[in-house]
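Participant: have a look; sequence and predicted model below, questions after that.
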Amino acid sequence: MTVDDDFLPGEPPAHRLSRDELRADLPAGLRYAAILVVVGLPLGALWAFLAPVVHTVALPGGGSGVPAGEADHAFDAVAIHVLLIAAFGVIAGAVAWRRRHRRGPVLLVALVVGSLAGAWVAGRIGGLLAWAASPIPVLVDPAALDRAGAPGGPVPAVLTSVPPSPGPWWLALVAGLAAALTYVLAAIIDGHEEMGRDPAAS
């Protein structure tokens, strides 16, 4: 009676990472995730510089108005934030893939977590800087506003600037998704079972 060799225990496939290799990748993964979180600081400052403010006018008697074209600026601020963190995720994924000697699941998890945290930090820092840089209110003529009906005589009004908002916190998922897709697509294009990992360096 013979037994098929396929059912006999054998050596694990050569492309599988051992526990020692995974443990060796852990410090590098943590360092890379920490770097991505720190990169979120200047990214938030860049967003605060690029995001437009929304000007509103407070009229006597509690009324308010919005000059023509200002209503779209709230969407523009969120759109700029999404584009910045998406680009951040793509670049982070590409840089992670270039680390041939650390390619694997540990670096992928560190990449996704670091991108998410970095994008979240960028949103919070950007929001704080935008509030700090909010312009000082000035007096304007409400007759210059795009309002329906006769504006009447010039009445002093206060022009205030609402600081831009980066949007809800869950937009940080865009960065994590972009980073993961970049890394996975690079692995698919590479086509090797071991993801082209450099065995000599590991």
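Facilitator: Good, I have the coordinates.

Participant: is it true that residue 29 touches residue 105?
Facilitator: No - counting by Cβ atoms under 8 Å, residue 29 does not reach residue 105; the two are 9.4 Å apart. Any C-beta I mention is one placed from the backbone N, CA and C, and that applies to glycine too.

Participant: so which of these two has more stuff around it?
Facilitator: residue 29 (23 against 12; other Cβ atoms under 10 Å).

Participant: contacting residues around stretch 75-87?
Facilitator: Under the contact criterion Cβ atoms under 8 Å, 6 or more residues apart in numbering, stretch 75-87 has outside partners 43, 46-47, 50-52, 119, 122-123, 126, 164-167, 171-172, 174-175, 178.

Participant: just the helices in the chain please.
Facilitator: Applying DSSP state H to the chain gives helices spanning 19-50, 73-98, 105-132, 173-190.

Participant: with respect to burial, which of the ones you listed scores highest?
Facilitator: Comparing those by mean neighbour count (mean count of other Cβ atoms under 10 Å), helix 105-132 ranks first with a mean of 22.

Participant: which other helices and strands contact that helix?
Facilitator: helix 19-50, helix 73-98, helix 173-190 (3 or more Cβ pairs under 8 Å, 6 or more residues apart in numbering; DSSP states H and E).

Participant: those helices into CSV, with extra columns for distance to residue 114?
Facilitator: Shown next, in CSV, are the helices and strands packed on helix 105-132 (distance: least, Cβ to Cβ, whole Å):
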stretch, distance to residue 114
helix 19-50, 3
helix 73-98, 7
helix 173-190, 8
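
Participant: reformat the ones you listed as TSV; add mean pLDDT.
Facilitator: Below are those laid out as TSV (pLDDT from 0 to 100):
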stretch	mean pLDDT
helix 19-50	88
helix 73-98	92
helix 173-190	92
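
Participant: residue 133 is nearest to which of the ones you listed?
Facilitator: Taking Cβ to Cβ, helix 19-50 is the member of the helices and strands packed on helix 105-132 nearest to residue 133, at 6.6 Å.

Participant: and the angle from the closest one to helix 73-98?
Facilitator: 150 degrees (axes from the mean of the first three to the mean of the last three Cα atoms, to 10 degrees).

Participant: angle of helix 19-50 against helix 173-190?
Facilitator: 130 degrees.

Participant: and helix 19-50, what does it pack onto?
Facilitator: helix 73-98, helix 105-132.

Participant: go with 10 Å
Facilitator: Other helices and strands packing on helix 19-50, by 3 or more Cβ pairs under 10 Å, 6 or more residues apart in numbering; DSSP states H and E, are helix 73-98, helix 105-132, helix 173-190.
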